[in-house]
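Novice: Show me how the following folds:
(chains A and B)
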Amino acid sequence: MSDLKTALGEAVAAAFAAEGVPADLARVTPSDRPDLADFQSNGALAAAKRVGKNPREIATAVAERLKGDPRLSSVEIAGPGFINLKVADAALSDRANAVAADPRAGAETMAVPRRVIVDYGGPNVAKEMHVGHLRASIIGESLKRIYRFRGDEVIGDAHFGDWGFQMGLLIAAVCDTHPAIAELVEDLNARGEVTEADKGRLAVLATLGLDDLGALYPPAAERAKGDVEFRNRARRLTAELQSKKAGYYALWERFRDVTREALIRDFHALGVDFDWWKGESDVEDLIGPMVADLDAKALLVDDQGARIVRVDRNGETRPKKLADGTVVEAPWPDPLLVVSSEGSAMYGTTDLATILDRRRAFDFDLVIYCVDQRQADHFEIVFRAAYLAGYADEGQLIHVGFGTMNGTDGKPFKTRAGGVLKLNDLIEMTREKARERLHEQSLGEDVSADEFEEIASKVAVAALKFADLQNFRGTSYIFDLDRFSSFEGKTGPYLLYQVVRVKSLLRRAAGEAARPGPVIVGESAERDLVLALDAFDAALADAYDKKAPNILAEHTYRVAQAWSKFWAACPILQAEPAVCASRLTLATATLRQLELALDLLGIATPDRM
RNA sequence: GCGCCCGUAGCUCAACCGGAUAGAGCAUCCGCCUUCUAAGCGGACGGUUGCAGGUUCGAGUCCUGCCGGGCGCGCCA
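Specialist: Predicted coordinates for the structure are as follows:
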């Protein structure tokens, strides 16, 4: 069952072919002039250029062939050669009935499913989530759901940042401030193992909360910048952790566990859930063999004491400014730094090993890295190295970058105090606004305290997510607190509100024993609603191809808006029985598609609000 | 220095391989609740798509140059 756009596209293509003009140009799109038509084809214009004929002549001939099509109520030529198509009410009714009967609300699945990993979120040990994590989580989660819904087998991986230099910093900071822990760690280090008898003593580690770690880390990172001795100590601790020295490892396990537990909870509250919480630490054991393999493949080169893989092709170079200000012609992209001059693995090394790990655990066709746009060069380098080493096939690794959330000054967002805004604080602020609003509606009187809180959370999350998802992911945008926690207009709560209205209507209809029946399209608001519903599959496919959830967000808003106009223009329960039945079916179809689409955006809907 | 991204209404953002009159929301103003949830609906106002050229029947979209902003450029991740 295809949508009207596709079906009409095929009809126009057939007419093109019959006229001897290239049928591949016969694309049908929703009309730019809804006052004139439902759909249009601009193909005659492009075809005219290609075959050297007058576009109006082609359009006229094609239109003549289309006029017999019972699905079309009118076919007209306008301007230089636009073919304007109006769909017959009967065809719209048929389509509406098909969408209403379809559990997928008119969305297709793909003929050839792929195996896809979506790497998103970017959580790190000891770091509470801040607004900067919002985009990575929201966009990645939505892409994961869209891909899965279209039929792919999809794994969402948090790719937990739990290894590396920050761990050394954190160990140093904790040992300096917690003498009891320092003592335990040293003791375990000295003995070289953790035994059953140590279980009780390990309880002291449990006193370390995420708050403590979050407070300790920033000053430690700051200190490491200026304090060479401290930095070297942290490096040494990092190396000792990586060699799994018992005390440090036990301490690190606490870091990892306490952070992961809190983050899983926070992500879940945002409607973000990962299939894998693989950490950088999980690929640590793969790095040694991988380096040996790269060496065996003669890809590793010694350079300034480090070991690198050159990824530039055929001597690609680019002028490059050095630290001292001089400009030299250097290979581009930069090489992948695999082993530092101190012998440790780097960021890119871990990423490369992660590709191997994923290949082993899940034989992917595609890995989507939903990560900040600023990492674009880094991924280009890692991907090239992976292709060179044969760890993935060309094109299987894709970086889907997104822009930053900026403040009104155009720089990455900071609170007035100059700090980062914690994600939990943002959610709670928005939730509080939702509670106030719900009290104004005096909804608190009708629902339980638990449901009240659940509704407030859903409203808050919908507001935040939709505010982000309606922007194209690739561009940076200005984060405005008022806009993100706004409930009117083109917002998440508006969408929820339309869903709630349908649900309310259907509850009432059930009470009055009003039953849905065949759709008979008549009113213009009904036509518009069916046309909006019909566009679901195209929006999904486009969002999928472009990896751009904002396309689906836009579609969802249009359906909600068409529903709201329909609601205002067309009485439902008061209508005569056949019309009432038709409109109830439209309402049911709208509800299903809205809830599906919102779910794909990662937005859950309440029953009332 | 080189590279990538961006510049659209007062503000925040859209715009389907280049196509008709560049669309939404917010803000401002005017209407609409004795009828299914007014977090709504209708209407008005608002544009030289940063500037200058070029390609094209046709450019916000493609090309060149300039101006303005953001980001990146091996031993952090």
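Novice: What about residue A:376, how many residues nearby?
Specialist: 12 (other Cβ atoms under 10 Å). From N, CA and C alone the C-beta is placed, and that goes for glycine too.
Novice: Please report phi then psi for the closest residue to RNA strand B within the stretch 151-300 of chain A.
Specialist: Closest to RNA strand B within the stretch 151-300 of chain A is residue A:164: 3.4 Å, counting by Cβ to the nearest atom of the strand. Phi and psi for residue A:164, reported as degrees, to the nearest 10, are phi 110, psi -170.
Novice: Identify the residues contacting it.
Specialist: A:238, A:280, A:347, A:350 (Cβ atoms under 8 Å, 6 or more residues apart in numbering).
Novice: partners of the lowest-mean-pLDDT helix or strand in chain A in the sheet?
Specialist: Using mean pLDDT, DSSP states H and E, the weakest-scoring helix or strand in chain A turns out to be strand A:317-321, at a mean of 72. Using DSSP bridges, strand A:317-321 pairs in its sheet with strand A:327-331 (antiparallel).
Novice: Restrict the strand it pairs with to CA atoms and write it as CSV.
Specialist: C-alpha atoms of strand A:327-331 as CSV (Å, rounded to 0.1, in the frame of the first residue of the first chain):
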residue,chain,number,x,y,z
VAL,A,327,53.2,27.6,8.0
VAL,A,328,54.3,24.5,6.3
GLU,A,329,52.7,22.2,3.7
ALA,A,330,51.7,19.1,5.6
PRO,A,331,49.8,15.9,4.8
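Novice: quick check, that strand touching RNA strand B?
Specialist: Yes: judged by Cβ under 7 Å from any atom of the strand, strand A:327-331 and RNA strand B are in contact via residue A:327.
Novice: just checking, next helix/strand downstream of that strand?
Specialist: strand A:336-339 (DSSP states H and E).
Novice: Point me to the residue of chain A nearest RNA strand B.
Specialist: residue A:489 (2.0 Å).
Novice: which residues in the stretch 451-600 of chain A form helices?
Specialist: Listed in chain order, the helices of the stretch 451-600 of chain A (DSSP state H, counting those that start in this stretch) span A:481-484, A:492-511, A:524-534, A:536-546, A:549-569, A:577-600.
Novice: Could you do the stretch 101-250 of chain A as well?
Specialist: Using DSSP H, counting those that start in this stretch, helices in the stretch 101-250 of chain A cover A:132-149, A:165-177, A:179-191, A:210-226, A:228-242, A:246-269.
Novice: For these, give me CSV that also has mean pLDDT and mean neighbour count.
Specialist: Listed next are those as CSV, based on pLDDT from 0 to 100; neighbours: other Cβ atoms under 10 Å:
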stretch, mean pLDDT, mean neighbour count
helix A:132-149, 95, 24
helix A:165-177, 92, 21
helix A:179-191, 93, 15
helix A:210-226, 87, 15
helix A:228-242, 88, 17
helix A:246-269, 94, 19
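Novice: which one of the ones you listed lies closest to residue A:294?
Specialist: Of all the helices of the stretch 101-250 of chain A, the one in closest proximity to residue A:294, counting by Cβ to Cβ, is helix A:228-242 (18.9 Å).
Novice: Name the stretch among the helices of the stretch 451-600 of chain A that sits most buried.
Specialist: Most buried of the helices of the stretch 451-600 of chain A, by mean neighbour count (mean count of other Cβ atoms under 10 Å): helix A:524-534, with a mean of 23.
Novice: packing partners for that one?
Specialist: If you count contacts as 3 or more Cβ pairs under 8 Å, 6 or more residues apart in numbering; DSSP states H and E, helix A:524-534 packs onto helix A:4-18, helix A:89-101, helix A:549-569, helix A:577-600.
Novice: Work out which residue lies at the spatial centre of chain A.
Specialist: residue A:139 (2.0 Å; Cα atoms, centre = their mean).
Novice: how about that one, what does it touch?
Specialist: Listed by Cβ under 8 Å, 6+ apart, the contact partners of residue A:139 are A:120, A:370, A:400, A:402, A:468-469, A:473, A:549.
Novice: circling back to that earlier point, and the residue of chain A closest to RNA strand B, how many neighbours does it have?
Specialist: That count, for residue A:489 with other Cβ under 10 Å as the rule, works out to 9.
Novice: Please report phi then psi for it.
Specialist: When read as degrees, to the nearest 10, the backbone of residue A:489 gives phi 80, psi -140.
Novice: Spit out the contact partners of it.
Specialist: Applying Cβ under 8 Å, 6+ apart, no residues qualify as near residue A:489.
Novice: Look up the pLDDT of it for me, please.
Specialist: Reading off the confidence values, residue A:489 has pLDDT 96.
Novice: quick one: residue A:65 and residue A:77, what's the gap?
Specialist: Residue A:65 sits 13 Å away from residue A:77, taking Cβ to Cβ, to the nearest Å as the criterion.
Novice: List the neighbours of stretch A:200-212 that are in contact with it.
Specialist: For stretch A:200-212, contacts defined as Cβ under 8 Å, 6+ apart pick out A:126, A:128, A:174, A:178, A:180-181, A:184, A:194, A:250-251, A:254-255, A:258-259, A:262.
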